[in-house]
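**Q** Show me the folded form of this:
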Amino acid sequence: MTKKRNYRAFRDVEEEYFRNHPEEIGSYIDEIFDDYAQNGSSAALLASLRVIAKVKGITNLAKITGMTRQGVQHALSNKGNPRFDNVNAIMHALGYRLTPSPIENTHRV
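**A** Predicted structure coming up:
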């Protein structure tokens with residue numbers, strides 16, 4: 001008889017890590033936005049922000065942003081297509097702001 005293994009999802013492991021190491025969140029946010037700037041995957045960015053939102057508390061974020069709990073969850077969901085102002089509000093509630101950075105060695109208009 002084989003023993004059934006229970007595996008945890010990567011996002012669950014990630015969430016637990018940031019609960020235990022909140023000092024790492026800032027570096028993680030920098031990294032996920034750098035990745036987004038490189039590959040343009042909004043789904044990956046939103047999934048990563050969803051992990052941090054869970055760590056910080058979605059209900060708390062909803063209160064700070066003026067959004068509903070469901071609104072925050074939907075904005076950060078796989079099917080979410082959040083408005084820029086919603087992402088900005090969520091980032092502010094997390095204690096960050098969206099700021100532009102120059103891109104090196106690119107053709108500019």
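**Q** Against which helices or strands is the helix or strand encompassing I29 packed?
**A** Taking DSSP states H and E as the criterion, the element that holds I29 is helix 25-39. Judged by 3 or more CB pairs under 8 Å, 6 or more residues apart in numbering; DSSP states H and E, the packing partners of helix 25-39 are helix 42-56. Backbone N, C-alpha and C define where each C-beta goes, glycine included.
**Q** Contacts for the helix it packs on, please.
**A** 11, 14-15, 18-19, 22, 25, 28-29, 32-33, 35-36, 61, 72-73, 75-78, 80, 82, 90, 93-94 (CB atoms under 8 Å, 6 or more residues apart in numbering).
**Q** go again using 7 Å as the cut-off
**A** Applying CB atoms under 7 Å, 6 or more residues apart in numbering, the external contacts of helix 42-56 come out as 11, 14-15, 18-19, 25, 29, 32, 35-36, 61, 72, 76, 78, 80, 90, 94.
**Q** What are the buried residues along the worst-scoring helix or strand of the chain on mean pLDDT?
**A** For the chain, the helix or strand with the lowest mean confidence is helix 10-20, at a mean of 91 (criterion: mean pLDDT, DSSP states H and E). Using 16 or more other CB atoms under 10 Å as the burial criterion, the residues of helix 10-20 that qualify are E14, E15, F18.
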